[in-house]
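**Student:** Sequence first, then the predicted structure, then my questions.
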Amino acid sequence: MADGTKAVVDTSAADGAADEAALAAAIDELADGTARATGADSPASERPASGGSATRKGPAAAADTEDDTAAEDATEDGPSAGGDTEDGSEDGSEDDEPAAGTPAGSEETSEITAPLSATEIAAELAAGDAARRAEAAAKAAAKATAKGDPTAAKRPPRDPQPTHDPRDTATLPQTLPAPLRHSGDLIGHRYRLEECISSTETFSSWRAVDEKLRRAVGVHLMAAGHQRARQVLAAAKSAALLGDPRFVQVLDAVQEGELVYVVREWLPHASDLAKLLADGPMEPHEAYQMVRQVTDAVAAAHRRGQAHLRLTPRCVLRTDSGQYRINGIAVDAALRGLPAEGSDEDAERTDTRAIGALLFAVLTHRWPFPEDRYDLQGLPRNVGEVAPDQVRAGVHKGLSDLAARALFDHPPHHAEPITTPEALARAIALMPRIRQPEPELPVFTNPPRHNTHALPTAPNPTRVVAAPGTVPTPVAAPVRRAGRRLRRVVKVTAWTVALGAIGAASWQLVDYLRPGSSAIAAPQPSGTSAAPTAHTATHDPMPIPVKEAISFNPLGDGPEGTSSLAKAIDDDPNSEWVTNWYNDLFPKGKEGTGLLLDLGSAQTVSRVSVKFGTPTTAELRVPGKGVANPPTAKQNDFTTLAKKAGTNVEYTLDSPVTTRYVLIWLTSLSKNPEGTKDAGKYQAHLLDVKVSG
């Protein structure tokens, strides 16, 4: 700062902090009596431009013209009122001397450098600081408007020229509308949009078709200029590297021009938890299967450094085979601006609490918080932290305690909270396994009177009709009478068969010994000889309808041919269920794949007929003892009854079996013929399957 205090003709905005410091120093100098007028000592840079008026301003040194704000104003708007030039240098400062012909003590210089008193400086500091700031902001906005630069108009006038790293997402807009797309648009020259599933202000989700691989996919769309775009791409790529089949796979993540899109696997026949809960709460066995499978998957993801952070009923899907798969690992949270902030323990607690909320919902059919969510009614606000068995009667006690410990930081009854998915998986493993309920047995009634093959019954038999799900208990006395009559009928039948056989043998012997008879002549069957045939012949098996066909692929990444499963049981030989194709017979480590038939309830099966489009080797299997849930079991949990190869395969069982599930396990496939789709690839084509009993 030059000696003395000066009023400078300059209406440009200077840095507030520098002004206040300079003014405070000037006040101190004047208070001590050391301030003096500078006259000829003042540099030429403090003089106004020619024709400028002298306006009093707080004291400022010549160096203040190098301030970032003044430099920016000079760059945008030409020389400032104080004489600053476009390159930030001071007007007339080339030689830092007074202009030629201007005496050091001339009137112009003395007027400009007239000293201010301490009182005047203090008053100007108090009254003029706010006005200067407002004036500077107004000038900056006016300059931006005049130049047609809306971005500069929004920038505060004191900000220096931005020098941000383009990789710094904090400089990107926090809100940017989702890209406008329509059904039929092609994304990435490959994915054709079909139906918008959901849409928010920042992104949209679509069902699309991968035209290269001819399969359905899901697509998320977001503007590339959005602040979350890089975070979404990073989350999608890390999720794709997870490679766990229990999660819906991320297939692609690309930034293309002004668009960011993430492509995921599409499961057309899967249902999310919100849809499954539309009819009411789940049975204990199904709830146990859900929480066990989801927890194991999330715990495995956390071991590999991944977290979901937004695990809701919409993200948990159940396939036709009863397996649960999780959608949106890391990506859903990134799309909604929910990054993993804080320590790993925070992410683990978030996912554990979410699993507890899911278990609470499937047990009670209520959302465990006051708000209504996912078509579920929330709890009353005054309820507090309660276990599921206190909300709904009949809830499994072990599952109720598990949900409360995972959901609440202070569970009821002073139970210890569970804070990580790994700890939750251990707690589930320590629980007694919840078995699948036995299927309901049909009600047994007496056969109709016109049935000639029915066994004789006691006169006026007592009909016992059992309640659904229970085995009827017959009355003891009629059972004993029926047993005696049955033994009597068996004896009579045996004697009849024996006499018939003796008669036929005698007739043949007489005919053989008779002169002129031919030894090789076959005797004509008599009425008596027909009796054993009538009793020993078996009746044709009755067809058993198949309730559902399920892709059984425990050695693969997921179900095969889900879109054509119903064609295997539609009684139409022109339609077919087709497996995935393979370059070799099967990949290394994969013994085969299969089709699981659900008969709806336990049935007596004696024959299974299968028609293939190409020669195929297949085994007929049924679940072994102790298999609680066959759709989620392994292939070794099934018992092999028969094995055949060909196009028309018929399995006839010598000893009929009683089972609800029948597995057609394919162990050898044929190559597709030339001229057909996927020619030369190994694939199975199952045209029709029928079950009889």
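**Tutor:** Now that the structure is in, tell me what you want to look at. Quick caveat, the model's predicted, so the values are computed rather than measured.

**Student:** Let me see the contact set for the closest residue to R353 other than its chain neighbours.
**Tutor:** Using Cβ to Cβ, 6 or more residues apart in numbering and skipping the chain neighbours, the partner closest in space to R353 is L407 (5.8 Å). Backbone N, C-alpha and C define where each C-beta goes, glycine included. Contacts for L407 were tallied using Cβ atoms under 8 Å, 6 or more residues apart in numbering; they are 353, 356-357, 359-360, 368, 385.

**Student:** tell me the pLDDT at F203?
**Tutor:** As predicted, F203 sits at a pLDDT of 94.

**Student:** returning to that earlier point: so of the contacts of L407, which ones are in helices?
**Tutor:** The helices, defined by DSSP state H, take in 353, 356-357, 359-360 from those.

**Student:** Closest to M282 out of the residues you listed?
**Tutor:** Distance to M282, by Cβ to Cβ, is smallest for L359 among these, at 9.6 Å.

**Student:** where does the closest one land on pLDDT?
**Tutor:** 97.

**Student:** Using ChimeraX, define a selection of the buried residues within the contacts of L407.
**Tutor:** This is the ChimeraX syntax for the buried subset of the contacts of L407, where burial follows 16 or more other Cβ atoms under 10 Å:
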select :353,356,357,359,360,368
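
**Student:** got the contacts of L407 as CSV, with distance to W577 columns?
**Tutor:** Below are the contacts of L407 laid out as CSV (distance: Cβ to Cβ, whole Å):
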residue, distance to W577
R353, 41
G356, 39
A357, 38
L359, 35
F360, 39
P368, 41
E385, 49
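
**Student:** Kindly indicate which of the contacts of L407 lies nearest L686.
**Tutor:** L359 (37.9 Å).

**Student:** thinking the closest one is in contact with A403, fair?
**Tutor:** Yes: counting by Cβ atoms under 8 Å, A403 is a contact partner of L359 at 4.1 Å.

**Student:** Between those two, which contacts overlap?
**Tutor:** P388.

**Student:** ok, back up a step: which members of the contacts of L407 are the farthest-apart pair?
**Tutor:** Farthest pair in the contacts of L407, by Cβ to Cβ: L359 and E385, 14.6 Å.

**Student:** how about the helices in this structure?
**Tutor:** 16-31, 68-77, 107-112, 118-147, 150-154, 229-240, 273-276, 284-303, 331-335, 344-364, 397-407, 421-430, 476-513, 530-536.

**Student:** Now the second one: average pLDDT?
**Tutor:** It stands for helix 68-77. pLDDT averaged over helix 68-77 gives 37.

**Student:** Equivalent analysis for the third one, please.
**Tutor:** The predicted model assigns helix 107-112 a mean pLDDT of 34.

**Student:** One more: the fifth one?
**Tutor:** Regarding helix 150-154, the rounded mean pLDDT is 47.

**Student:** The fourth one too?
**Tutor:** Confidence for helix 118-147, expressed as mean pLDDT, is 54.

**Student:** next one: the longest one
**Tutor:** For helix 476-513, the mean pLDDT works out to 70.

**Student:** One more: stretch 316-325?
**Tutor:** Average pLDDT, stretch 316-325: 92.

**Student:** Then stretch 429-438?
**Tutor:** 85.

**Student:** what comes up buried for it?
**Tutor:** Buried residues in stretch 429-438 (16+ other Cβ under 10 Å): I434.

**Student:** and what of stretch 280-296?
**Tutor:** Neighbour-count burial for stretch 280-296, with 16+ other Cβ under 10 Å as criterion, is recorded at 281-282, 284-296.

**Student:** just these now: which is nearest K644?
**Tutor:** For the buried residues of stretch 280-296, the closest approach to K644 (Cβ to Cβ) belongs to Q289, at 33.7 Å.

**Student:** follow-up on the earlier one: out of the buried residues of stretch 280-296, the closest to E256 would be?
**Tutor:** V294 (33.9 Å).

**Student:** Looks like that closest one contacts G356 (just checking).
**Tutor:** No: in this structure, V294 is not within contact of G356 by Cβ under 8 Å, at 11.0 Å.

**Student:** For burial, what's the neighbour tally of the closest residue to L335 other than its chain neighbours?
**Tutor:** Take L335 and drop its neighbours on the chain: the residue closest to it by Cβ to Cβ, 6+ apart is F203, 5.3 Å away. Residues within reach of F203, counting by other Cβ atoms under 10 Å, total 25.

**Student:** got it, and Y651?
**Tutor:** 20.

**Student:** ok, it - contacts?
**Tutor:** Going by Cβ under 8 Å, 6+ apart, Y651 touches 607-610, 620, 641-642, 644.

**Student:** Leaving out chain neighbours, which residue sits closest to V250?
**Tutor:** Using Cβ to Cβ, 6+ apart, the nearest residue to V250 is A240, at 4.1 Å.

**Student:** T562 versus that neighbour, what's the distance?
**Tutor:** Plainly put, A240 is 22 Å away from T562 if you go by Cβ to Cβ, to the nearest Å.

**Student:** returning to what we had before: OK, contacts around the residue nearest to L335?
**Tutor:** Counting by Cβ under 8 Å, 6+ apart, F203 has contacts 178, 220-222, 335.

**Student:** Take those and keep only those in strands.
**Tutor:** Judged by DSSP state E, strands contain the following of the contacts of F203: 220-222.

**Student:** got TSV for these, with pLDDT too?
**Tutor:** As requested, the ones in strands among the contacts of F203 are arranged in TSV below (pLDDT from 0 to 100):
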residue	pLDDT
H220	96
L221	96
M222	94
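
**Student:** Of these, just say which sits nearest to G500.
**Tutor:** In terms of Cβ to Cβ, no member of the ones in strands among the contacts of F203 lies closer to G500 than H220, at 79.6 Å.

**Student:** what is that closest one paired to in the beta sheet?
**Tutor:** With DSSP bridges as the criterion, H220 is bridged to S205, V262.

**Student:** what's around it, how many residues?
**Tutor:** Neighbours of H220 under the rule other Cβ under 10 Å: 25.

**Student:** so it touches R207, yeah?
**Tutor:** No: look at H220 against R207 with Cβ under 8 Å: they stay out of range, at 11.5 Å.

**Student:** Kindly list the single helix or strand of this structure that scores lowest on mean pLDDT.
**Tutor:** helix 107-112 (a mean of 34; mean pLDDT, DSSP states H and E).

**Student:** pLDDT below threshold where in the protein?
**Tutor:** 1-175, 339-345, 439-484, 507-540 (pLDDT under 70).

**Student:** show me the residues around the closest residue in space to D372 that isn't next to it in sequence that make contact.
**Tutor:** Ranked by Cβ to Cβ, 6+ apart and with sequence neighbours excluded, the top spatial neighbour of D372 is G378, at 4.9 Å. Contacts for G378 (Cβ under 8 Å, 6+ apart) come out as 366-372.

**Student:** Turn the residues you listed into JSON lines, including distance to T614.
**Tutor:** Output for these, formatted as JSON lines (distance: Cβ to Cβ, whole Å):
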{"residue": "R366", "distance to T614": "52"}
{"residue": "W367", "distance to T614": "51"}
{"residue": "P368", "distance to T614": "53"}
{"residue": "F369", "distance to T614": "55"}
{"residue": "P370", "distance to T614": "59"}
{"residue": "E371", "distance to T614": "56"}
{"residue": "D372", "distance to T614": "53"}
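
**Student:** Which of the residues you listed ranks first by neighbour count?
**Tutor:** P368 (26 neighbours).

**Student:** and the gap between it and R485?
**Tutor:** Taken as Cβ to Cβ, the span from P368 to R485 is 63 Å.

**Student:** repeat for G558
**Tutor:** Shown here: G558 relative to R485, a distance of 57 Å by Cβ to Cβ.

**Student:** ok, those two, which is more surrounded?
**Tutor:** More crowded of G558 and R485, by other Cβ under 10 Å: G558, with 19 against 14.

**Student:** Quick check, that one in contact with P245.
**Tutor:** Yes: if you go by Cβ under 8 Å, G558 and P245 touch, sitting 6.0 Å apart.

**Student:** Show me whatever sits in contact with both of these two.
**Tutor:** Joint contacts of G558 and P245 (Cβ under 8 Å, 6+ apart) are R325.

**Student:** Alright, I will stop here.
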